[in-house]
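Peer 1: return atomic coordinates for the entry below.
(one chain, ligands or ions: 1)
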Amino acid sequence: MPELPEVETVKNTLNQLVKGKVIDHVTVNLARIIQRPDDIEQFAFMLAGHTIQNVERRGKFLRFVLDGLVMVSHLRMEGRYGVYASTDPVEKHTHVIFHFNDGTELRYKDVRQFGTMHLFQPGEEFKLPPLSKLGLEPLEQEFTPERFKAALAGKKSKIKAVLLNQAYVVGIGNIYVDESLFRTGIHPEQLVSTLTDEQFRALHQAIVDTLREAVEVGGSSIKSYVNGQGEMGMFQHQLKIYGRQNQPCLTCGTLIEKTVVGGRGTHFCPVCQTLK
Ligand SMILES: [Zn+2]
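Peer 2: Numbers count the residues shown, from 1 in each chain. Coordinates of the predicted model:
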């Protein structure tokens, strides 16, 4: 699933490709992608004639800001946007097409069909699901070490499970949680309630650094992720722990182990990340 750096990259690409374009009409081929309104004809009717003013990001969600309307889109496992000429053949698994009045189209393709789209009046999107319960944005000024600690304080769960929960900090998932924990020497199963102030500070810094570095190179291309122009990110070549089970730790040479925490495959070095 794309995490913050990948969604940020898709957002940047989409801004280059569709900003200022006017939607003529919309075709929906798979109703379940459209979550709000619950009528796909209404969805298409509402969007027709509107201009895409900007594409923004909240956590792992894209926010298409139109004149008088906001579309919130989640790519989930394998959702992908691409811009095509209306004469280009439509590929398999293309579920939603935004036809622009200039002869181009924004197409949403999703092999796994888990992606979602919600339409809102401007401002309404932050008060309702799926954006209403989201936590701190790790690349915004609001993400200070103090707020990070306050958001997690008192939790009795394992640190990895809490970091995966988008109600506390948004945008980090399996890849960037494993990477951030490795950088700080914190074991993914350490209980949040036992973290020291020093560990909180280090973890805060590691999350910011890891995400910034990944955004800079366009995210990680694991499995099928590509940005809106079909380009791959490059951060997968800089991953120090994720996906490196049974390979030597880059710090101490011990073989990296893989276990399951919070229902997700979890990579850690048993020497650099001891369970306290
Ligand atoms: Zn190690």
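Peer 1: what's in contact with the longest helix along the chain?
Peer 2: Identified as the longest helix of the chain according to DSSP state H is helix 197-216. The contact list for helix 197-216 (Cβ atoms under 8 Å, 6 or more residues apart in numbering) reads 4-5, 8-9, 138-139, 143-145, 148-149, 152, 159, 163, 169, 171-172, 176, 179-181, 183-186, 195, 220, 233, 235, 238. In this view, the C-beta of every residue, glycine as well, is placed from N, C-alpha and C.
Peer 1: for the next helix or strand after that helix, list the C-alpha coordinates in CSV.
Peer 2: Note on helix 197-216: by DSSP states H and E, the next helix or strand toward the C-terminus is strand 257-261. Extracted in CSV, the C-alpha atoms of strand 257-261 (Å, rounded to 0.1, in the frame of the first residue of the first chain):
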residue,chain,number,x,y,z
GLU,A,257,14.6,-11.3,11.4
LYS,A,258,11.0,-11.1,10.3
THR,A,259,8.1,-11.5,12.6
VAL,A,260,4.4,-10.4,12.8
VAL,A,261,3.4,-7.4,14.9
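Peer 1: returning to that earlier point: give me the ChimeraX select line for the contacts of helix 197-216, limited to the buried ones.
Peer 2: The following ChimeraX line selects those of the contacts of helix 197-216 that are buried, judged by 16 or more other Cβ atoms under 10 Å:
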select :4,5,8,9,138,139,143,148,149,152,159,163,169,171,172,176,179,180,181,183,184,185,186,195,220,233,235
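Peer 1: just the contacts of helix 197-216: which are in helices?
Peer 2: Using DSSP H, the contacts of helix 197-216 in helices are 4-5, 8-9, 145, 148-149, 152, 159, 163, 176, 179-181, 183-184.
Peer 1: and the furthest pair within the residues you listed?
Peer 2: 9 and 149 (29.1 Å; Cβ to Cβ).
Peer 1: run the chain-centre distance for the longest helix of the chain.
Peer 2: 17 Å (Cα atoms, centre = their mean, to the nearest Å).
Peer 1: what of stretch 55-66?
Peer 2: For stretch 55-66, the distance to the chain centre is 10 Å (Cα atoms, centre = their mean).
Peer 1: hmm, who's touching that stretch?
Peer 2: Applying Cβ under 8 Å, 6+ apart, the set of residues contacting stretch 55-66 is 1-4, 7-8, 10-11, 14-15, 18-19, 23, 47, 50-54, 70-75, 122, 125-126, 130-131, 134-135, 137, 166, 170-171, 173.
Peer 1: how does it look with 7 Å?
Peer 2: Residues outside stretch 55-66 that contact it (Cβ atoms under 7 Å, 6 or more residues apart in numbering): 2-4, 7-8, 10-11, 14-15, 50-54, 70-74, 125, 130-131, 134, 166, 170-171.
Peer 1: ok, whichever residue of the stretch 51-200 of the chain sits closest to the ion - how many residues close by?
Peer 2: The minimum distance from the stretch 51-200 of the chain to the ion, using Cβ to the ion, falls at residue 182 (8.2 Å). Using other Cβ atoms under 10 Å, the number of residues around residue 182 comes to 27.
Peer 1: for residue 150, same thing?
Peer 2: Residue 150 - counted by other Cβ under 10 Å - has 13 other residues nearby.
Peer 1: the one 4 residues further on now?
Peer 2: Other residues near residue 154 number 7, with proximity taken as other Cβ under 10 Å.
Peer 1: before we move on, what SS does it have?
Peer 2: Following DSSP: H, G, I helix; E, B strand; the rest coil, residue 154 is assigned to coil.
Peer 1: skipping adjacent residues, who's closest to the residue of the stretch 51-200 of the chain closest to the ion in space?
Peer 2: residue 241 (4.0 Å; Cβ to Cβ, 6 or more residues apart in numbering).
Peer 1: just to revisit the earlier point, and the residue of the stretch 51-200 of the chain closest to the ion, what does it touch?
Peer 2: 240-241, 268-269, 272-273.
Peer 1: can you narrow these down to the ones near the ion?
Peer 2: 269, 272 (Cβ under 5 Å from the ion).
Peer 1: would you map out the domains in this structure?
Peer 2: Per automatic domain parsing, the structural domains of the chain span 4-126, 145-268.
Peer 1: thinking again about what came up before, among the contacts of stretch 55-66, which are in helices?
Peer 2: Reading helices off the contacts of stretch 55-66 with DSSP H, I get 4, 7-8, 10-11, 14-15.
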